[in-house]
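Colleague: Provided below for reference: sequence and predicted model.
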Amino acid sequence: MENSTQVLVIGGGPGGATTAGLLAREGISVTLMEKETFPRYHIGESLLPSCQPILELLGVREKVESRGYQRKRGAYFDWAGEKWDVTFGDPTDDRASSYQVLRSDFDQVLLEHARELGVTAFEGAEVQRLTFDGDRPRSAVWSQPGAGITNAEITFDHVIDASGRSGLMTTRHLRTRRYHEVFRNIAVWGYWKNATPLPAGPEGAIAICYVPDGWLWGIPLGDGQLSVGLVTHRDVFNSRRQNGESLESIYHAAIRESPVIENLLPSAELVSSLRAEQDYSYTSERFSGPGYFLVGDAACFLDPLLSTGVHLAMYSALLAAASLASVLRGEFGEEAARDLYDRSYRQAYLRLLVVVSNLYQQNQGKDSYFWEAQRLTLRDANPDEIKQAFVDVVSGIEDLRDAQATLDTAVEATGMAMAQWDGWHWNPSALNHSELTESEWKKALDGSQDIDSLAPGERELAAARARFFDTAMQRVLGPVPQGGQGLYVVTRPRLGLANLQ
């Protein structure tokens with residue numbers, strides 16, 4: 001094999017395969033290294049409609065359609081005493097829908113398609129470390145035991161870290177990952193056969209159901225199985241385990257607390273062992289830097305409440321590929337392109353984080369979720385469209401709109417809304433200080449929740465959330481390099497960036 005490449009992509013999941021494929025379509029030399037051998041199991045079966053135009057751009061949508069995945073036309077919520085559903089676009093338009101996929105199959109389809117586009121892809125090949133010239137990564141040391149390759153080196157001009165939650169750049173080199181204390185959750189899940197179809201909601205809907213210690217998902221899969229999972233806070237989970245409860249007892253007790261999920265399983269059989277993993281939400285201080293982009297979970301991870309994992313992976317892949325393609329063609333400087341990427345991806349993540357935070361506040365109600373989603377979009381307020389704003393945000397469509405809007409316009413719209421958000425309710429004073437005194441907290445929480453009424457630990461979580469949003473807003477709304485203003489993503493006649501000016 002060649003020992004050099006224009007772009008090295010680390011990771012062959014949806015983020016890595018999409019970035020690699022889009023760059024290869026632009027005639028760029030791309031080498032991809034995936035440490036696993038496909039097909040391999042992966043959680044995250046529920047996709048969003050925002051994936052459809054990206055699959056179309058890759059030229060892989062027809063292949064995905066042919067796999068027979070369960071069509072997903074929306075979501076059904078049984079949340080804090082209210083039952084309601086979300087429908088993605090026109091129910092008769094397949095392009096407005098999404099899929100409930102088998103990730104082992106879906107990910108392999110994307111990786112094989114990237115190969116067909118010209119990507120040199122290696123499986124069972126692990127990048128062990130990067131070497132740097134100052135702040136810029138220049139080469140990777142890698143091994144592929146199955147092929148007898150150990151400690152080989154490949155040089156590159158740019159690297160895409162799509163290594164998922166293992167995060168090669170952020171955890172081994174940059175050490176810039178920061179966890180969001182409020183969402184240090186644990187997920188426990190299994191697969192059921194012969195489940196009863198969800199009687200309410202759109203076709204193929206994911207069921208999202210509140211239970212006292214967290215929430216449950218129910219995802220119908222095309223192979224006749226139903227994925228049922230519990231998400232609960234780490235402290236709750238650990239306390240119950242220390243009190244002698246087994247993984248199985250915690251899981252089944254949660255199902256009994258949700259009539260919606262329990263009613264899907266009267267004749268069903270759990271046909272898998274239970275799996276468990278940490279679902280700790282986090283973000284990196286930087287999403288890109290000299291010569292590199294962090295894509296998907298390598299940059300940030302969000303609680304799975306809204307099934308945003310593959311959306312954020314493929315959306316960031318689109319942004320990274322467009323930015324890097326323009327840089328390599330000499331159309332824009334690297335700093336301006338990285339700035340577009342950082343701000344666009346971070347904005348998408350933070351907007352979804354705010355919506356998830358709203359949902360975790362059980363006392364607000366669906367109309368509040370709709371209004372606050374509307375405030376995080378580019379559109380003018382219209383009482384008749386507030387639910388549609390929520391749908392556009394949670395389907396990922398609003399992020400695609402932002403990518404095609406100018407950088408400064410999109411950041412201004414989201415920033416104006418987020419500047420008023422303290423993680424509990426809208427309050428423009430809450431983000432003025434990263435550390436708040438007790439009297440300041442009482443003032444900030446006035447009219448929403450009395451600080452003295454918070455349960456043990458909740459006050460600390462409130463403070464952590466305020467600090468998180470304070471830091472996030474500084475990053476989102478900091479100075480914009482002059483060269484980065486007015487940039488937006490274009491897909492025709494070629495993928496890249498354009499400037500409104």
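Modeller: Alright, I've got the coordinates. Small disclaimer: the values here were computed from a predicted structure and weren't measured.

Colleague: quick one, what contacts Y69?
Modeller: The contact partners of Y69, by Cβ atoms under 8 Å, 6 or more residues apart in numbering, come to 99-102, 106, 221-222. Placement of C-beta: from N, CA and C, glycine included.

Colleague: all helices of the stretch 51-200 of the chain, in order?
Modeller: Using DSSP state H, counting those that start in this stretch, the helices of the stretch 51-200 of the chain run over 51-58, 61-65, 103-116.

Colleague: any idea which of these is most buried?
Modeller: Highest mean neighbour count of these: helix 51-58, a mean of 21 (counted as mean count of other Cβ atoms under 10 Å).

Colleague: and the angle from that one to helix 103-116?
Modeller: Calculated by axes from the mean of the first three to the mean of the last three Cα atoms, to 10 degrees, helix 51-58 forms an angle of 30 degrees with helix 103-116.

Colleague: what packs against helix 51-58?
Modeller: helix 14-25, helix 61-65, strand 98-100, helix 309-328 (3 or more Cβ pairs under 8 Å, 6 or more residues apart in numbering; DSSP states H and E).

Colleague: try 7 Å this time
Modeller: Packing partners of helix 51-58 (3 or more Cβ pairs under 7 Å, 6 or more residues apart in numbering; DSSP states H and E): helix 14-25, helix 61-65, helix 309-328.

Colleague: among these, which is nearest S50?
Modeller: Among the helices and strands packed on helix 51-58, the nearest to S50 by Cβ to Cβ is helix 309-328 (5.1 Å).

Colleague: and that closest one, how far out from the chain's middle?
Modeller: 13 Å (Cα atoms, centre = their mean, to the nearest Å).

Colleague: buried deepest among the helices and strands packed on helix 51-58, which one?
Modeller: Ranked by mean neighbour count, the helices and strands packed on helix 51-58 are led by helix 14-25 with a mean of 29 (mean count of other Cβ under 10 Å).

Colleague: what lies in contact with that helix?
Modeller: 7, 9-10, 30, 32, 54, 57-58, 107, 110-111, 113-114, 117-119, 160, 162, 295-296, 310, 313-314, 316-318, 320-321, 324-325, 495 (Cβ atoms under 7 Å, 6 or more residues apart in numbering).

Colleague: I'd like the next helix or strand past that helix.
Modeller: Per DSSP states H and E, the first helix or strand lying C-terminal to helix 14-25 is strand 30-34.

Colleague: now the angle from that following strand to helix 309-328?
Modeller: Interaxial angle, strand 30-34 versus helix 309-328 (the same axes, to 10 degrees): 150 degrees.

Colleague: what mean pLDDT does strand 30-34 have?
Modeller: The pLDDT scores in strand 30-34 average 99.

Colleague: ok, residues contacting that strand?
Modeller: Applying Cβ under 7 Å, 6+ apart, the external contacts of strand 30-34 come out as 5-12, 16, 20, 23-24, 114, 119-123, 125, 127, 142, 154.

Colleague: list buried residues within those residues.
Modeller: 5, 7-12, 16, 20, 23-24, 114, 119-123, 125, 127, 142, 154 (16 or more other Cβ atoms under 10 Å).

Colleague: inside strands: which ones of those residues?
Modeller: 5, 7-10, 120-123, 127, 142, 154 (DSSP state E).

Colleague: just those now: which is nearest G89?
Modeller: Within the set of those, V9 lies nearest G89; the separation is 31.5 Å, counting by Cβ to Cβ.
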